[in-house]
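> using only what follows, build the 3D model:
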Amino acid sequence: MTVISVIAGDGIGREVVPEAIETLDALGLGLRYDVLDHVNAQSYLRTGAALSDSDLDRVRASDATLLGAVGDPRVTSPDYARGVLLRLRFELDLYVNHRAVTLLHDRLSPLRDEKRRGIDCVIVRENTEGLYAGIGGALRGSSELETALDVEVNTHAGVSRVIAYAFSIARTGVCLVDKSNAVPHGGRLWQRCWAEQCAQWPGIHATHQYVDTAAMRLVADPTAFDVIVANNSHGDILSDLAAQLGGGLGTAASANLNARTGFGLYEPVHGSAPDIAGTGSANPVGAVLSAALMIEHLGHPQEALAVRSAVARSIADRRCTPDLGGTLTTRQAGAAIRAALD
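Coordinates of the predicted model:
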């Protein structure tokens, strides 16, 4: 039996994850859930523990993890979010952040040109290196002489494997996005790994753009991209931009993957949104589409397609939350998606 570890987390994560689980249950896949309901900010404030060793063991024992959101305004230290998200990411070596973006309905696009609205691409972000590796420090803190250093980490192994993943999922082409003209040392490494991988995938169209040009091109014509691969920080920014072109962060799904072991952590990217938590207005689409990504990677592509089609139909019929042009609550929007399932 396939076991899914579930961390609903904080804020609206606790509201949208149940909608994702009910949608999975409606598919009749026979999934079993191991719910880590105690992994949240409330527990952290009480105990000081973010994710224990036994929690990590439970995650490791599962086939995949569905995560809602982590974050609470009462927690001012970054140790909580890092202790959950980054511990999972680094200890499970989830080196790929996979962000698939498809325009869910014409009315959701901020672009005027109808011919260029149809974004349908994947942003592949390197997930364990770069500027977010946490290497650096500060001197003479809280003074006029304060000096802060954040070191960008790039390894041949880390860069090669994420580029290889990007090629492995491409339908037509892969675009490397970097800033190698201004960041020469890491840039040279990315360019060398890129050339090596291009030689191994001769049937895939390979292009390269600097990150500033790629950002402009995404807005001017997002249909030009199939797969984009970038480092941690560039991929973080471009994936949020792409999400807005596809309907907004409330619809954005993501997968954190180890493509070699097959394990993945799946989460909507909207965060815990404490300003709307408890109001019943949270959009469940990002969580539901993250669940669709999960079952696709677990070997159920037709069921994943059925979920995506149901989401698109419910949005087209305005059976959705107000941020997408509807009037439904979180619970009602989840029910509408399930009603639209084939």
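
> the residue lying closest to F263 once chain neighbours are set aside: neighbour count?
Closest residue to F263 apart from its sequence neighbours, by CB to CB, 6 or more residues apart in numbering: L92 at 6.0 Å. From N, CA and C alone the C-beta is placed, and that goes for glycine too. Using other CB atoms under 10 Å, L92 is surrounded by 20 other residues.

> relative to Y210, how far out is L92?
From L92 over to Y210 the distance is 32 Å, taken as CB to CB, to the nearest Å.

> phi and psi next, for A100.
phi -90, psi 130 (degrees, to the nearest 10).

> what pairs with it across the strands?
V122 (DSSP bridges).

> distance of Q191 from V159?
10 Å.

> residue contacts, N231?
R125, E126, E129, G130, L131, E152, N154, D178, G186, W190 (CB atoms under 8 Å, 6 or more residues apart in numbering).

> hmm, try it at 10 Å
Contacts of N231 were listed using CB atoms under 10 Å, 6 or more residues apart in numbering, and they are 125-127, 129-132, 152-154, 158-159, 162, 176-179, 183, 186-187, 190, 211.

> any weak-confidence spans in this protein?
342 (pLDDT under 70).

> and it, what are its domains?
Domain assignment of the chain by automatic domain parsing yields the ranges 1-100+252-342, 110-246.

> out of those, deepest packed?
Comparing these by mean neighbour count (mean count of other CB atoms under 10 Å), domain 1-100+252-342 comes out on top with a mean of 20.

> could you look up the SS state of T213?
When classified by DSSP: H, G, I helix; E, B strand; the rest coil, T213 comes out as helix.

> what's the distance between it and L238?
Per CB to CB, T213 is found 11 Å from L238.

> got any residues that touch both of the two?
Common neighbours of T213 and L238 (criterion: CB under 10 Å, 6+ apart): V177.

> got any residues that touch both of Q191 and V159?
D178.

> three-state assignment of the residue positioned nearest the centre of the chain?
In the chain, the centroid-proximal residue (CA atoms, centre = their mean) is S254; its distance is 2.6 Å. S254 carries the three-state label strand when classified by three-state DSSP.

> ok, it to Y165 distance?
Separation of S254 from Y165 (CB to CB): 14 Å.

> ditto for T279
Using CB to CB, T279 is found at 38 Å from Y165.

> my guess is I295 contacts V288, does it?
No: I295 is not in contact with V288 according to CB atoms under 10 Å; the separation is 11.0 Å.

> hey, what's in contact with both of the two?
Each of T23, L24, V307 lies in contact with both I295 and V288 under the rule CB under 10 Å, 6+ apart.

> gap between H105 and G187?
To G187, H105 is 39 Å away according to CB to CB.

> how close does D236 sit to N256?
13 Å.

> okay, now stretch 175-186: how far is its last residue from its first?
Counting by CA to CA, to the nearest Å, you get 17 Å between the two ends of stretch 175-186.

> can you give me the offset of that stretch from its chain's centre?
Averaging C-alpha positions (CA atoms, centre = their mean, to the nearest Å) puts stretch 175-186 23 Å from its chain's average.

> nearest residue to L51 in space, please, no chain neighbours.
In space, and not counting its chain neighbours, L51 is closest to V84: 4.9 Å by CB to CB, 6+ apart.

> residue contacts, the one you found?
Contacts for V84 (CB under 10 Å, 6+ apart) come out as 7, 9-10, 36, 39-41, 44, 50-51, 55, 67, 70-71.

> let's see that with 6 Å instead.
V84 makes contact with A50, L51, V70, according to CB atoms under 6 Å, 6 or more residues apart in numbering.
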